[in-house]
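[1] Sequence plus the predicted model coming up.
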Amino acid sequence: MKSFRKVLWFELPERRQLINITGEVNQCLNESGIQEGLCLVNAMHITASVFINDDESGLHKDIETWLENLAPEKPYNRYHHNTYEDNADAHLKRTIMGREVVVAITGGKLDFGPWEQIFYGEFDGKRKKKVLVKIIGE
Amino acid sequence: MKSFRKVLWFELPERRQLINITGEVNQCLNESGIQEGLCLVNAMHITASVFINDDESGLHKDIETWLENLAPEKPYNRYHHNTYEDNADAHLKRTIMGREVVVAITGGKLDFGPWEQIFYGEFDGKRKKKVLVKIIGE
Amino acid sequence: MKSFRKVLWFELPERRQLINITGEVNQCLNESGIQEGLCLVNAMHITASVFINDDESGLHKDIETWLENLAPEKPYNRYHHNTYEDNADAHLKRTIMGREVVVAITGGKLDFGPWEQIFYGEFDGKRKKKVLVKIIGE
C-alpha cells in the first residue's frame, strides 16, 4: 500500500468564500502516482469545509444566502460561543457543508461524475488556513 | 491491496424519491471478495445523495417535508441558479443529506449497526443517474 | 495492508449530549500499530452522530439550540415517524451533524488541524449505543 500526504494553504480575502480546488487535488494525485485507492480531502480548521458540488456562480450565491439564513452571522450575541470570538456561525455553516470528502481513485484519476468539483468553503477567512489531502492505495 | 469498482444506475420516476440500495451494495461486496477494508458509496451527480438511515416510510415522509421546508423547490425564481435550470433546491437538499457514505468491511460484510441501511436520495429525478461503489482492502 | 476494528460503547444519561471521544480513538490507533492510513469513526445507530468540531461549551449550547430549531423534538405528532416512537427529531438532527468522519493517519497519529476534536453526538440517549472505529493502512 502506498500513501501520500500534502497540505494546501489558503488565505482568502473575504470572511466567506467558495473556491474550486479540484486542480490542486488532481496535482496531488499525479504526484502520488497512486492508480487505485481512496483520496480524503478535509478542512483542517473547524470553521471551513471541503465539499463537492457544481462550479456555477448562481448556485454559490444561493448557498451563501441559504447558509446565512440557516445560521446567521449576526447579531454576534445570539451565540454562546461568541464571548471571546465572533465566528459561531462559521462553525454551524461548516457543519451543514461538511468537513471532508472521500473520492475514489480509479485508473490514476479522481473517479467523478459529470459535474463534480471539489470546493474549499471558507466561513471565517482573512487568515491562513489549511486543507489536508491524504491518498492511500496502489 | 485489492480494489473493486462498480457503477449502479438509477432512473427514478419522481423528482424526489428515496430508495434502499443496501442489497445492491452487498452484491458489490460479494463480487469484490474483499474481507477487510473500506467501502465508499457516493452519488456521482450533484443533485442526489447517498446516506444511511432507517428504512421506515413515516421517516421518509418526514425527511421530504423537512427538506422542502429547509430548501423549497418553488418559486423557482428565488434561486440565482435557476436562470436556465429549476433544480437549485436539489443541490441544497443533497447538501443536507450528504454526497457519500464510507462503510467498514469486516469479515466480508458491511459492518453495520442494528438499523443501518444505505439509501439513494434523488432530488432531481426522471433521468438516468449513477452511484459509484468503490471498495478497497484485502 | 493491516486493519483494526473496535466498538466503543456509550450510555449517556441525557436524551441529547455531545462528548469528546478523541482520547478513545487515539487509544484505538495506538492499539492498531498503524502508521499510515485512514481511520473511519461512525455511529452505529441512526439517531446518533460522529463529527469533528471545537471542544467549547458555548458552541455546544449553540449546536443544541440550533438543532432544536431546525428539527424540534416536540410536538411528537408533527412527525409521521412517531406513531410508535418519539425520536424522529433525532434522525433529522443526526442527518445535519453527519454519521461519520474519516481521519487521515500520518506517522502513527490522527492528522489533525489545531482545534479538531472528535465528538459523539447523542440525540436519543438513555440507552446503550455503539460507535465503530475501523482503521486500515500499514
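    Yep, that arrived.
[2] Spell out, range by range, the strands that occur in chain A.
    Secondary structure of chain A, counting by DSSP state E: strands at A:2-11, A:17-20, A:37-43, A:48-53, A:100-106, A:109-110, A:117-122, A:128-137.
[3] I'd like those as a markdown table, with mean neighbour count and distance to C:Lys126 appended.
    All C-beta atoms are positioned from the backbone trio N, CA, C, and that covers glycine. What follows is the strands of chain A, written out as a markdown table (neighbours: other CB atoms under 10 Å in any protein chain shown; distance: least, CB to CB, whole Å):
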| stretch | mean neighbour count | distance to C:Lys126 |
| --- | --- | --- |
| strand A:2-11 | 15 | 41 |
| strand A:17-20 | 17 | 40 |
| strand A:37-43 | 26 | 32 |
| strand A:48-53 | 24 | 32 |
| strand A:100-106 | 23 | 31 |
| strand A:109-110 | 15 | 43 |
| strand A:117-122 | 23 | 36 |
| strand A:128-137 | 22 | 37 |
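[4] wait, which of the ones you listed is closest to chain B?
    Comparison of those against chain B by CB to the nearest CB identifies strand A:100-106 as nearest, at 3.6 Å.
[5] Partner strands of that closest one and their direction?
    strand A:37-43 (antiparallel), strand A:109-110 (antiparallel) (DSSP bridges).
[6] Generate CSV for the strands of chain A, with mean pLDDT and distance to B:Ile63 as supplementary columns.
    Converted to CSV, the strands of chain A look like this (pLDDT from 0 to 100; distance: least, CB to CB, whole Å):
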stretch, mean pLDDT, distance to B:Ile63
strand A:2-11, 98, 34
strand A:17-20, 98, 26
strand A:37-43, 98, 26
strand A:48-53, 98, 20
strand A:100-106, 98, 22
strand A:109-110, 98, 29
strand A:117-122, 98, 24
strand A:128-137, 98, 31
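[7] Columns distance to C:Lys134 on top of these, output as CSV?
    CSV is the format used below for those (distance: least, CB to CB, whole Å):
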stretch, distance to C:Lys134
strand A:2-11, 17
strand A:17-20, 31
strand A:37-43, 13
strand A:48-53, 21
strand A:100-106, 13
strand A:109-110, 23
strand A:117-122, 24
strand A:128-137, 14
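[8] closest one to C:Gln17 among those?
    The closest of these to C:Gln17 is strand A:100-106. By CB to CB, the value is 23.9 Å.
[9] Strand A:128-137 and the closest one, what's the angle between them?
    40 degrees (axes from the mean of the first three to the mean of the last three CA atoms, to 10 degrees).
[10] What are the contacting residues of strand A:100-106?
    For strand A:100-106, the external contacting residues (CB atoms under 8 Å, 6 or more residues apart in numbering or on different chains) are A:25, A:29, A:34-43, A:50-52, A:110-112, A:118, A:135, A:137, B:5, B:40, B:42, B:99-100, B:102, B:132, B:134, C:101-102.
[11] Residues of chain A that sit close to chain B?
    Contacts of chain A with chain B, taken as CB under 8 Å from any CB of the partner chain, map to A:1, A:36-38, A:51-54, A:56-59, A:61-63, A:66, A:70, A:96-98, A:101-104, A:106, A:111-116, A:136-138.
[12] Next, the nearest residue in space to A:Ser3 that is not next to it in sequence: phi, psi?
    Leaving aside its sequence neighbours, A:Ser3 sits nearest to C:Glu36 (CB to CB, 6 or more residues apart in numbering or on different chains; 4.1 Å). Backbone torsions of C:Glu36, given as degrees, to the nearest 10, read phi -130, psi 130.
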